[in-house]
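Asks: Here is my input, please return the structure:
(one chain, ligands or ions: 2)
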Amino acid sequence: MPPLKDPSLLRQSALVGARWVDAAGKGIAVTNPSTGAIIGHVPDLGETDAEEAIAAAQAAQRLWSARTAKDRGQVLRRWFDLMMAHQDDLAAILTAEQGKPLAEARGEIAYGASFIEWFAEEGRRAYGDIVPGHAPDKRILVLKQPIGVVAAITPWNFPNAMITRKAGPAFAAGCAMVLKPASQTPFSAIALAVLAERAGLPAGLFSVLTGSARRLGAVLTASPIVRKLTFTGSTEVGAQLYAQCAPTIKKLGLELGGNAPFIVFDDADLDAAVEGAIVAKFRNNGQTCVCANRIYVQAGVYDTFAAKLAGRLAGLKTGNGFAEGVTFGPLIDANAMAKVAEHIADATAKGARVILGGRPHALGGCFWQPTILTGVTAAMAVAREETFGPVAPLFRFETEEEVLTAANDTEFGLASYLFTRDLARVFRVSEALEYGMVGVNTGLVSTAEAPFGGVKASGLGREGSRHGLDDFMELKYLCVGGIG
Ligand SMILES: NC(=O)C1=CN([C@@H]2O[C@H](COP(=O)(O)OP(=O)(O)OC[C@H]3O[C@@H](n4cnc5c(N)ncnc54)[C@H](OP(=O)(O)O)[C@@H]3O)[C@@H](O)[C@H]2O)C=CC1
Ligand SMILES: O=C(O)[C@H](O)CS(=O)(=O)O
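Replies: Ligands and ions are numbered 1, 2, ... in the order given. Below is the predicted model:
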């Protein structure tokens, strides 16, 4: 990692309420997925630390929620300004621990900061209602109030933005947050806490806990003080946490797995569709929940699309995220490599053809060649499971009805994409797709202004947009009588 302009942002510590706990060279090692080198260590915290963080959050939240939305928004705005002022350092920390190319990491910092900026403003629009009464002497008022102490558990693939997409609305609403970031990428979370402290976020309002996910998660999900759990990660873990929260009836925000269809019709702008596929499939080296997991191309343009996509990919470079001109970094770990290899082996064993890549990259380690498969069918694992890697499986289809049936044939329902220049088809297909989000002639839908989230096994709730704030608030109905 290049030297940081502000080395204090890379802190080998965790934040328990108002107390920084140092790893002091032991605890959990964090490695660079490009090189395998140890970047540093974070503390291995336990149950009592999690309980302490929850208690600190409860005390701080009472005072924080008593401040005006404008005041809270000004603190968040300062946090946004500090994130952008330190964009290069935050990006370097992110590339070191997650692997994505530096330019992409800088983009994530700006994307992550945009949620803080957006909710610094949205917090002042948590409007309630005054409803015409049901009796002459009654008045009906509806208030919006913060839900209270929130627990957040986040993944490694977007170590900055998946935190701020939760912290922004939580703090704007007047909540407190106890965060357990992914163990592979804790330093991005800790750097955010360092800047939050400098921005004036009150002590105790934001804790960052590092250590055993199972152990810390058990405390966070069992505590009756924690009134909401917001989780981003796999559907398997999300379902487990859902069950763990049941005894205390918590509000849940679940951003889970995906299996996005990417549909290219005969009448599409093929160059635009190829660019869209590069973004939708290969952003973060295919390690996003909204990645195009299945690429359906209508028969009339199938061969041309495949050739164009292969031509574009052949010119892009794989390597260490800090190296010049690199578009694809490493996968996060050996398990991710094994899953990619397994999906390709399964597909080729069932008749698919590799027209590009298909093997570990010559760089070794966690690097994989960008890969295109043709002749892919619904019988293959890539059609049913999330690959979470740089593999583009191309399915051929004949009719709109056929591809809609195939696209909806999954338990997931997060993102979906279609490319066509037929306006009637845009609405017919978009309305028929069983997903929370539809990209029309674009491969990138994620932005703070829009509601991000899915249906079915892809989760509950929405993050971002004006809807994202309501997920951190409760409605309170006042029935005021005796008005003569
Ligand atoms: N819908 C969305 O927006 C997103 C969905 N995902 C999905 O997540 C998967 C990849 O991300 P990945 O991080 O591996 O997902 P995981 O679900 O394995 O991990 C996500 C987070 O959950 C924690 N965790 C794991 N097990 C437990 C547990 N028993 N109790 C409490 N916390 C736990 C992890 O901690 P630790 O790191 O310590 O294991 C990590 O912080 C893919 O399926 C992807 O689609 C990922 C990102 C976004
Ligand atoms: O974790 C993810 O995959 C993110 O939600 C993807 S995005 O928000 O950057 O699209």
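Asks: give the contact list for S207.
Replies: S207 sits next to L15, V16, G17, A53, A56, A57, M177, V178, L179 when contact means Cβ atoms under 8 Å, 6 or more residues apart in numbering. Where you see a C-beta, it was placed from the backbone N, CA and C, and this is true even at glycine.
Asks: Then G300?
Replies: Contacts of G300 (Cβ under 8 Å, 6+ apart): D266.
Asks: For my notes, confirm it occurs in a strand.
Replies: No: residue state for G300 (DSSP: H, G, I helix; E, B strand; the rest coil) corresponds to helix; a strand is not indicated.
Asks: Same question for the residue most central in space within the chain, what's its three-state structure.
Replies: Geometric centre of the chain, nearest residue: M162, 4.3 Å, by Cα atoms, centre = their mean. Using three-state DSSP, the secondary structure recorded for M162 is helix.
Asks: low-confidence ranges in the protein?
Replies: The chain contains no residues with pLDDT under 70.
Asks: which parts of it sit against ligand 1?
Replies: 153-157, 180, 182-184, 213-214, 217, 232-234, 237, 240-241, 255-258, 289, 386, 388, 414, 459 (Cβ under 6 Å from any ligand atom).
Asks: Quick one: buried ones out of these?
Replies: Among these, those scoring as buried are 153-157, 180, 182-184, 213, 217, 232-233, 237, 241, 255-258, 289, 386, 388, 414, 459 (criterion: 16 or more other Cβ atoms under 10 Å).
Asks: what about the helices in the stretch 301-450 of the chain?
Replies: Here the stretch 301-450 of the chain has its helices, by DSSP state H, counting those that start in this stretch, at 302-314, 334-349, 381-384, 400-407, 423-432.
Asks: what angle do the fourth one and helix 423-432 make?
Replies: Taking axes from the mean of the first three to the mean of the last three Cα atoms, to 10 degrees, one finds that helix 400-407 is oriented at 30 degrees with respect to helix 423-432.
Asks: Give me the contacts around helix 400-407.
Replies: With contacts defined as Cβ under 8 Å, 6+ apart, helix 400-407 is touched by 261, 263, 265, 294, 296, 298, 378, 395, 397, 416, 425, 428-429, 432-433.
Asks: contacting residues around G204?
Replies: G204 neighbours (Cβ under 8 Å, 6+ apart): G17, A18, A56, A57, A59, A60, A176.
Asks: Which single one of the contacts of helix 400-407 is nearest to R198?
Replies: Checking the contacts of helix 400-407 against R198 by Cβ to Cβ gives S416 as the nearest, at 40.5 Å.
Asks: who does that closest one bridge with?
Replies: Assessed by DSSP bridges, S416 has beta-bridge partners V438.
Asks: Settle this for me: it is touching G443, isn't it.
Replies: No: assessed by Cβ atoms under 8 Å, S416 is found out of contact with G443, at 11.3 Å.
Asks: Who has more neighbours out of these two?
Replies: More crowded of S416 and G443, by other Cβ atoms under 10 Å: S416, with 30 against 25.
Asks: so of the residues of the chain next to ligand 1, which ones are in strands?
Replies: Among these, the members found in strands (DSSP state E) are I153, K180, T232, E255, G459.
Asks: Looking at those, which is nearest C245?
Replies: I153 (11.1 Å).
Asks: What backbone torsions are found at I39?
Replies: phi -80, psi -40 (degrees, to the nearest 10).
Asks: Quick check: nearest residue in space to it, chain neighbours excluded?
Replies: Among residues not flanking I39 along the chain, V30 sits closest, at 4.9 Å (Cβ to Cβ, 6 or more residues apart in numbering).
Asks: Am I right that I140 falls within a strand?
Replies: Yes: counting by three-state DSSP, I140 falls inside a strand.
Asks: which residues touch V354?
Replies: Per Cβ under 8 Å, 6+ apart, neighbours of V354: I344, T348, T371, I372, L373.
Asks: what about the first one, distance to P451?
Replies: Using Cβ to Cβ, to the nearest Å, we find I344 at a distance of 34 Å from P451.
Asks: Compare neighbour counts for those two and give me the winner.
Replies: It is I344, of I344 and P451, that has more neighbours when counted by other Cβ under 10 Å, with 25 against 15.
Asks: so that one makes contact with I372?
Replies: No: using Cβ under 8 Å, I344 makes no contact with I372, being 10.6 Å away.
Asks: Which residues are in contact with each of these two?
Replies: Joint contacts of I344 and I372 (Cβ under 8 Å, 6+ apart) are V354, V391.
Asks: what's the helix or strand containing R165 packed up against?
Replies: Following DSSP states H and E, one finds R165 within helix 161-173. Contact analysis of helix 161-173 by 3 or more Cβ pairs under 8 Å, 6 or more residues apart in numbering; DSSP states H and E lists helix 69-85, helix 102-122, strand 149-153, strand 176-180, helix 186-199, strand 226-232, helix 467-470 as its packing neighbours.
Asks: Next, format those as TSV and append distance to H41.
Replies: Formatted as TSV, those follow (distance: least, Cβ to Cβ, whole Å):
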stretch	distance to H41
helix 69-85	24
helix 102-122	22
strand 149-153	21
strand 176-180	17
helix 186-199	10
strand 226-232	24
helix 467-470	34
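Asks: Nearest to G325, out of these?
Replies: Across the helices and strands packed on helix 161-173, closest to G325 is helix 102-122 (Cβ to Cβ), at 9.7 Å.
Asks: Can you pull out the residues in contact with the helix or strand just after the closest one?
Replies: Using DSSP H and E, the helix or strand that follows helix 102-122 in sequence is strand 129-131. For strand 129-131, contacts defined as Cβ under 8 Å, 6+ apart pick out R139, I140, L141, V142.
Asks: among these, which two are most distant?
Replies: Of all pairs drawn from the contacts of strand 129-131, the one with the longest distance (Cβ to Cβ) is R139 and V142, at 11.0 Å.
Asks: Show me the common contact partners of these two, please.
Replies: Counting by Cβ under 8 Å, 6+ apart, the contacts common to R139 and V142 are I130, L478.
Asks: so can I have TSV of the helices and strands packed on helix 161-173 showing distance to ligand 2?
Replies: Conversion of the helices and strands packed on helix 161-173 to TSV gives the following (distance: least, Cβ to the nearest ligand atom, whole Å):
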stretch	distance to ligand 2
helix 69-85	16
helix 102-122	6
strand 149-153	13
strand 176-180	15
helix 186-199	13
strand 226-232	6
helix 467-470	12
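Asks: For ChimeraX, what selects the buried ones among the contacts of S207?
Replies: Here is the ChimeraX selection string for the buried members of these, based on 16+ other Cβ under 10 Å:
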select :15,16,17,53,56,57,177,178,179
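Asks: which of the contacts of S207 lies closest to V75?
Replies: M177 (13.7 Å).
Asks: List the contacts of that closest one.
Replies: When contacts are counted by Cβ under 8 Å, 6+ apart, M177 is found next to A57, V149, V150, A151, A152, K166, A167, A170, F171, L205, F206, S207.
Asks: Bridged to it, which residues?
Replies: Under the criterion used (DSSP bridges), M177 bridges to V150, F206.
Asks: coming back round to it: shouldn't the residue nearest to I39 be within a helix?
Replies: No: going by three-state DSSP, the assignment for V30 is strand, not a helix.
Asks: Look up the closest residue to E51, ignoring the ones flanking it.
Replies: V219 (6.2 Å).
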